[in-house]
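1. requesting a structural model of the entry that follows:
(one chain, ligands or ions: 1)
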Amino acid sequence: MDIEDIRQDVRSWLASNWDPNLDLIQWRELLADSGWGAPDWPSDYFGRDLEPQLCAVVDDELARIGAIGAAHSGVRMLAAVTLLAHANHEQKQRYLRPILTGEDHWCQLFSEPGSGSDLAGATTRADLQGDEWIINGQKVWNTSAHHADFGLLLARSDWDEPKHKGLSYFILDMHQPGVEVRQLKQMNGHASFNEVFFTDARVPRANILGQPGDGWKVAMTTLAYERRSFDRPRNPAAKAPSPAPIYQQYQQELEIANEPYKWYPQRAGRVDLVLQRAKETDAINDPVIRQDIARLHILAQSAHWTAQRARAAQKAGKPQGPEGSLGKLAASNIGRLAAQVHTHISANDALLTGSDSPMEGTIAEVLVSTPAGSIAGGTDEIQRNIIAERVLGLPKEPRFDDGPFREVRRNTSKEQ
Ligand SMILES: Cc1cc2nc3c(=O)[nH]c(=O)nc-3n(C[C@H](O)[C@H](O)[C@H](O)COP(=O)(O)OP(=O)(O)OC[C@H]3O[C@@H](n4cnc5c(N)ncnc54)[C@H](O)[C@@H]3O)c2cc1C
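-> Okay, the predicted model is just below:
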């Protein structure tokens, strides 16, 4: 099938089905069942088996007539790729469709107070009792958990296996009495993250992904996608071409899904504002600042090309290369340098917020948001370890955590 055949197919399907008077969910149900909502997914599971590089034409056709696509924002795509790779038939049937229709929101329940970089050291426990796993423990830094219907939960199901082998991966219903979500306020004033506490929370036996002990392998799928997709825009624009209620429903959905990501452009450093600020403040005539600005633009442009190469490889269906880890590290270097350059340009005013501050507080928000880029999805140091060991083939760091996990020294010293 070539691009023109696909264009004709999707165009004629849209001609018979797109109706802006439908409710958003009703429309997305049609879209999901037709396979045009996620055409690169398998045809057995709401897709059309299309090569990823052929899917852009479907987006073009939807955009051409102002039709709304499947839900893609937020953590739901992390859930979708993980389910597609590891879920069984029943799980795929149950969970994939409401991801595409936008009915279900997801969050990632990986990090804990004592295990972030050392994710495999998770101590949230999962104990099988009859037909249910009983969950106790705490997660932290969980983006969007306050909106989530389901969580991707990594928990320890076997304390006698070595660290990486005693973990299991669960689909957890967030709306139950044993799950308490508390929002955390950040230094930039936003509240995107949460602490999540489990007290005898329950997961039906059927809601494990893979087998008990497969948790680490499944988590690697989620993390690979997260690291590869960090540079994608999180705020797709959606201008309503008419006052039909479906567009308002869509706008509301985007507002909720994108609320935790509002500050992400500032987290990336706002390289786009540097020249404008330099001209406004006359810093453009300072020879040292000019050099800083040039250095920043060179770094940003080369990272952009690396990201483009990674996307082209992904679209061509090639396995992930080193670009994911390199790109993530480059992004945090850019964020850090951009914050420095903004500080040199705006000097003391960079600290001000409010309507009379540089760019109404945007520059101050850059300064307090960029540190997150070198932590989220794996810190810079961890990315360097990954590049050293997996890309360059350098010797691994010495390990002191072999043997049964209950005997491994850790900052929560006992099995809890
Ligand atoms: C914006 C943002 C969004 C996030 N979203 C989520 C989410 O949705 N779900 C989720 O589960 N988590 C999320 N996180 C958490 C994130 O994954 C962790 O913060 C991260 O993995 C680091 O873990 P930590 O904070 O425990 O730091 P630690 O692991 O305690 O690290 C502290 C310091 O020690 C260094 N360090 C640790 N180990 C090594 C080593 N072996 N070698 C060299 N240096 C080392 C680290 O680089 C760091 O500088 C998010 C974080 C941020 C900032």
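
2. quick one: the helices in the protein?
-> 3-17, 24-34, 56-64, 76-86, 89-101, 215-228, 245-258, 264-267, 274-281, 287-315, 323-346, 362-369, 380-386 (DSSP state H).

3. closest one to the ligand among the ones you listed?
-> helix 380-386 (3.4 Å; CB to the nearest ligand atom). Any C-beta I mention is one placed from the backbone N, CA and C, and that applies to glycine too.

4. buried residues of the closest one, list them for me.
-> 382-383, 385-386 (16 or more other CB atoms under 10 Å).

5. also stretch 250-262?
-> Those buried within stretch 250-262 under the rule 16+ other CB under 10 Å are 250, 253-254, 257-258, 260-261.

6. check stretch 347-366 too.
-> Neighbour-count burial for stretch 347-366 [16+ other CB under 10 Å]: 350, 353, 357-359, 361-366.

7. ok, and what's touching it?
-> Residues from elsewhere that reach stretch 347-366, judged by CB atoms under 8 Å, 6 or more residues apart in numbering: 188-189, 263, 266, 269-270, 273, 277, 338-339, 342-343, 346, 367.

8. can you tell me the closest non-neighbouring residue to Arg406?
-> Trp159 (4.2 Å; CB to CB, 6 or more residues apart in numbering).

9. how much space between that neighbour and the ligand?
-> 21 Å (CB to the nearest ligand atom, to the nearest Å).

10. now for that residue, how many residues are close by?
-> 15 (other CB atoms under 10 Å).

11. and it, how far from Lys139?
-> 18 Å (CB to CB, to the nearest Å).

12. for Glu51, same thing?
-> On the measure of CB to CB, Glu51 and Lys139 end up 37 Å apart.

13. give me the more crowded residue out of those two.
-> Neighbour count, other CB under 10 Å: between Glu51 and Lys139, Lys139 has more, with 27 against 13.

14. quick one on the thing from earlier: what's the farthest-apart pair in the buried residues of helix 380-386?
-> For those, the maximum inter-member distance is 7.3 Å, found between Gln383 and Asn385 (CB to CB).

15. now do the end-to-end distance for stretch 266-284.
-> End-to-end distance of stretch 266-284 (CA to CA, to the nearest Å): 21 Å.

16. partner residues bridging the closest residue to Gln176 other than its chain neighbours?
-> Nearest non-adjacent residue to Gln176, counting by CB to CB, 6+ apart: Ala201, 6.0 Å away. Beta-bridge pairing for Ala201 (DSSP bridges): Ile135.

17. give me the number of residues near the residue nearest to Asp402 when sequence neighbours are not counted?
-> Residue nearest to Asp402 in three dimensions, not counting chain neighbours: Pro162, with 6.1 Å by CB to CB, 6+ apart. By other CB under 10 Å, 15 other residues sit near Pro162.

18. Pro162 touches Pro404, doesn't it?
-> Yes - counting by CB atoms under 8 Å, Pro162 does reach Pro404; the two are 6.8 Å apart.

19. contacts only, for Gly116.
-> Contacts of Gly116 (CB under 8 Å, 6+ apart): 141, 379.

20. could you rerun that using 10 Å?
-> 110, 122, 140-141, 375, 378-379, 382 (CB atoms under 10 Å, 6 or more residues apart in numbering).

21. and those residues, which of them are in strands?
-> Val140 (DSSP state E).

22. who wins on neighbours among the contacts of Gly116?
-> Ala122 (28 neighbours).

23. quick check: that one vs Cys107, distance?
-> From Ala122 over to Cys107 the distance is 16 Å, taken as CB to CB.

24. so which residues on the chain come close to the ligand?
-> Taking CB under 6 Å from any ligand atom as the criterion, the chain approaches the ligand at residues 108-111, 116-118, 141-143, 372, 375-379, 381-382, 385.

25. can you rerun that using 5 Å?
-> 108, 110-111, 116-117, 141-143, 372, 375-376, 379, 381 (CB under 5 Å from any ligand atom).

26. burial measure for Asp118, as a count.
-> Using other CB under 10 Å, Asp118 has 14 neighbouring residues.

27. what sits against it?
-> Contacts of Asp118 by CB under 10 Å, 6+ apart are 112, 163, 382, 401, 410-411.

28. repeat that with 6 Å
-> For Asp118, the contact set (CB atoms under 6 Å, 6 or more residues apart in numbering) is empty.

29. now do Leu275
-> Leu275 neighbours (CB under 6 Å, 6+ apart): none.

30. what's the answer for Thr221, then?
-> 82, 85.

31. got any ranges where the protein has weak pLDDT?
-> 228-241, 411-416 (pLDDT under 70).

32. of all of it, which residue lies closest to the ligand?
-> For the chain, CB to the nearest ligand atom, closest residue to the ligand: Gly116, 1.9 Å.

33. about what we covered before: would you mind telling me which of the helices of the chain is nearest Phe170?
-> helix 215-228 (8.3 Å).

34. that closest one: how far from the chain's middle?
-> 11 Å (CA atoms, centre = their mean, to the nearest Å).

35. now that helix: buried residues?
-> 215-219, 221-228.

36. farthest-apart pair in these, please.
-> Of all pairs in the buried residues of helix 215-228, the most separated under CB to CB is Gly215 and Arg228 at 20.5 Å.

37. quick one: end-to-end length of stretch 160-178, please.
-> Start-to-end, stretch 160-178 (CA to CA) is 26 Å.

38. same question for stretch 112-123.
-> Taking CA to CA as the criterion, the two ends of stretch 112-123 lie 8 Å apart.

39. can you put the buried residues of helix 380-386 in JSON lines and add distance to Leu78?
-> Output for the buried residues of helix 380-386, formatted as JSON lines (distance: CB to CB, whole Å):
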{"residue": "Ile382", "distance to Leu78": "18"}
{"residue": "Gln383", "distance to Leu78": "18"}
{"residue": "Asn385", "distance to Leu78": "22"}
{"residue": "Ile386", "distance to Leu78": "19"}
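
40. domain parsing for this structure?
-> Split into domains by automatic domain parsing, the chain comes to 3-101, 106-228, 248-375.

41. and the shortest one, how far out from the chain middle?
-> Shown here is domain 3-101, whose average C-alpha point lies 19 Å from the average C-alpha point of the whole chain (CA atoms, centre = their mean).

42. end to end, how far does it reach?
-> 25 Å.
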